[in-house]
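Participant: Coordinates only, no sequence provided:
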C-alpha cells in the first residue's frame, strides 16, 4: 500500500487521483521546461527541521504553507506562472506529507494531533487552490504549444483536475465544496485514528497456546498466570496460523475485525454522506463515478464489471480450495460441515504441509528479520545499480527504532529512505510506504518511509523469525519505496514520485513480490540459524503450495473491492454497512459472516482508496503482465531490470500508465498472464 499525501488528498477531495505520486549511468536531471516565461528566481533552501515535539512540527507546517501562499500570490502576477505554481504545489505537498506520516508514527500524542492539524491545513490549502478561479485562469493563459512533453502533460493534468474539482461551479458552490473537502479530510483522519489507537488485548491461560512456535512463546512471558496477546500483526497472524485452540483464534479474529467500532460506525456514515454530496455537486451519480473519472478504469460500472470478471474466473478455483480446506478440517472434526474464517489460515498451512510438504515453521526458520532486510537491500542494489549508505543523526527520525539510508549511485545521492518496521503503541497498524518529500529536480531529493509491523529482533529471544507472508509484505512495500525514489528527478511536482493513476500505483509493488518467491533470489539471503541456505526443493514446494488458496484469496479480495464500491454507490442515508457486508460475504466468498465483527470499521482503505479497493486486483493484472519479460531472462537479469526501472519507475507520472507499460513490454497490456495465473 502506497500512501502519498498529495495524491490521497487530491483523491479524497477532488476525485483526482491520477497524478502525483535507473540506468547504468546516473539519470540526468530534467531540464527546465521551455515555456514563454522569464527565468524564476532561485528557490531558497529549507533548513532541516527536527520533527518530534509538536511545536517544531507546527512551525515546519506553518512555514511550508506560508511559502506556498507566497508562491500562490506570485502566480497571480503572471511573471513566472508555471514556476510559481510548481513551488506552491511543492510546499503544500511537503506539509501534507510530513503531517500525513507523523500522525501515523509519532510516539507522542501531542505531535500526532499537531500532525493531523497540519494535514488538515494542507488539505484546506489544496482545496482552496483547486477551487481558485484566478489560479485556473492564470494557468490557462500560459502558452505551452512549444513546451516540452512533460510541461504539456503537467498543464493537461492540472487543468483537467481543476474541472474535476468543480472549478466551473459558481462562487457559492465552490465555497461549499471547499467546506465539504475540509470535513471529508477531518472525518477520514478520525476514522484512521480510531483504528490506529484501538489495539485490543486478550489475557489467556498459557495452556491455550498449544501449537505456537517456540520463539513466539519465548517472547510472550507469563505474568500473573496469563499471557497477553494483542491484535497487532506479530500476535494476530501467528495465532491465526498456528494456535490449536479454535476458540482462541475466533476470539482474536472477532477483536481484530472490530477495531475502531466504538466510533467508526457513525464516522463511516458521515464520510459516505459527505462524499456523495461532493460528487452530486459535480454532476456525478455517486462518489464511485466521480473518484474514478481519471483512472485506468473509469466509472463504478466499469469497476463492477471488472470485479465480476475476476470473481467468475476465480470461483471454480475457490470452490476447489474450500473443498480441500473442509476435507482437512474433517480429519480432526469428522462432523464439520463448514470452514469458518478463523480456521482458514491454519487449515491452509496444514494442507500445504500435508499435500505439498511445506511446513510453515520450517519455512520461517529461514527468514530472520535482519537477514531478510539485508537480502532485500542487496537484491535491489544489484538489479537497480544502487547502494545504501547508513545515516546516523538524521534530524527527522521520529523514533529510535527507525533506520535511515541514503540511496546512492556512485557519488550521486538519489534520495533517502526511512525504515520504521516494528509495532508499538498508537502506531499505524498495517504496512505502507509514506512519502516524506517528493523529489523535484534542483529543489529537493525524494525521501520516503516504510512503515510496517514486522517481528522485532529486540523483542525476540533469538532471531526475529518471519512467516513468508511477512517477507512478501516487506518486498511489496519496498517496491513502492523504489518507485518513489527513482521518480524523484522531474521538474514538475505534478508528475513527481508515484504520480500515476491510482489503480496502477500498486502494480510495481505487486510485481516486486515475485522476488520473494524465487529460489534465484531467496538463496541470496534465506538462511536458518545454522547458516544453511533454504533448499531449492523447499522453494519449489512453496511455489506449488502458493497456488493453493489463491482461489479463496482472490474472491476474498473481490469481497473487499465490492464492499468499498457498493458503500459508495448506495444512498448514504439508507445504506447499512453491516447488512451490506453480510450480503456481499455470502455472494462472494464461501466463508460465513462471523457474528460480532464489524470489518468495515477497521477497513482503513475506505479513507485513502475510498470506493477503489479494486485497484489492488487491477494492479495485479498489470503486474502479472509486467513479469512476462522476466520468465526467460530471470529476475536478476540487469538488462531487463534496468529497462523496467527506466521505462516504469523513473518516469513517475510523465505518461499515462498504459503508455508506460507499453514502453516496457513493447505492446499494450493484456489479461493473458493474469488469466493463466488464476486458472493454472
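Facilitator: Thanks, I have it. Predicted model only: the values in this text are computed from it and were never measured. Numbering: from 1, shown residues only.

Participant: Quick one: residues in contact with the longest strand along the chain.
Facilitator: Secondary structure of the chain per DSSP state E: the longest strand is strand 412-420. The contact list for strand 412-420 (C-beta atoms under 8 Å, 6 or more residues apart in numbering) reads 22, 26, 105, 373, 386, 388, 391, 394, 396-399, 401-408, 427, 436, 439, 445-452, 481, 484-486, 488. Using the backbone N, CA and C atoms, a C-beta is placed for each residue, glycine as well.

Participant: Tell me which of these fall in helices.
Facilitator: 105, 373, 481, 484-486 (DSSP state H).

Participant: Compare the residues you listed and tell me which has the most neighbours.
Facilitator: Within the ones in helices among the contacts of strand 412-420, most neighbours by other C-beta atoms under 10 Å means residue 484, with 32 neighbours.

Participant: and the closest residue in space to that residue that isn't next to it in sequence, bridged to which residues?
Facilitator: Leaving aside its sequence neighbours, residue 484 sits nearest to residue 448 (C-beta to C-beta, 6 or more residues apart in numbering; 4.5 Å). With DSSP bridges as the criterion, residue 448 is bridged to residue 417, residue 435.

Participant: Would you map out the domains in the protein?
Facilitator: 1-32+283-680, 201-256 (automatic domain parsing).

Participant: Out of those domains, which one sits most buried?
Facilitator: Sort those by mean neighbour count, taking mean count of other C-beta atoms under 10 Å, and domain 1-32+283-680 sits at the top with a mean of 20.

Participant: what mean pLDDT does that one have?
Facilitator: For domain 1-32+283-680, mean pLDDT is 91.

Participant: what distance separates that domain from the centre of its chain?
Facilitator: In terms of C-alpha atoms, centre = their mean, to the nearest Å, the centre of domain 1-32+283-680 is found 7 Å from the chain centre.

Participant: Can you tell me, leaving aside adjacent residues, what's nearest to residue 282?
Facilitator: Closest to residue 282 by C-beta to C-beta, 6+ apart is residue 166, at 5.4 Å.

Participant: Correct me if wrong: the one you found contacts residue 283.
Facilitator: No: assessed by C-beta atoms under 8 Å, residue 166 is found out of contact with residue 283, at 9.4 Å.

Participant: of all the domains of the chain, which lies closest to residue 76?
Facilitator: Residue 76 lies closest, by C-beta to C-beta, to one member of the domains of the chain: domain 1-32+283-680, at 18.7 Å.

Participant: can you pull out the strands in the stretch 151-300 of the chain?
Facilitator: Per DSSP state E, counting those that start in this stretch, the stretch 151-300 of the chain carries strands over the ranges 201-204, 227-230.

Participant: List the strands paired with the last one, with their directions.
Facilitator: This points to strand 227-230. In the sheet, strand 227-230 lines up with strand 201-204 (antiparallel) (DSSP bridges).

Participant: I would like the residues contacting the strand it pairs with, please.
Facilitator: Counting by C-beta under 8 Å, 6+ apart, 226-231, 248, 251-252, 255 sit against strand 201-204.

Participant: Give the buried residues for the strand or helix carrying residue 75.
Facilitator: Assigned by DSSP states H and E, residue 75 belongs to helix 54-77. Using 16 or more other C-beta atoms under 10 Å as the test for burial, helix 54-77 gives 54, 57-58, 60-61, 63-65, 67-69, 71-72, 74-75.

Participant: again with stretch 174-189
Facilitator: The neighbour-count check on stretch 174-189 (16+ other C-beta under 10 Å) flags 174, 177-178, 180-189 as buried.

Participant: So which of these is the closest to residue 336?
Facilitator: Nearest member of the buried residues of stretch 174-189 to residue 336, counting by C-beta to C-beta, is residue 188, at 41.2 Å.

Participant: SS state for the residue nearest to the closest one when sequence neighbours are not counted?
Facilitator: Closest residue to residue 188 apart from its sequence neighbours, by C-beta to C-beta, 6+ apart: residue 607 at 4.1 Å. When classified by DSSP: H, G, I helix; E, B strand; the rest coil, residue 607 comes out as helix.

Participant: can you tell me which residues contact residue 470?
Facilitator: By C-beta under 8 Å, 6+ apart, the contact set of residue 470 is 237, 367, 454-455.
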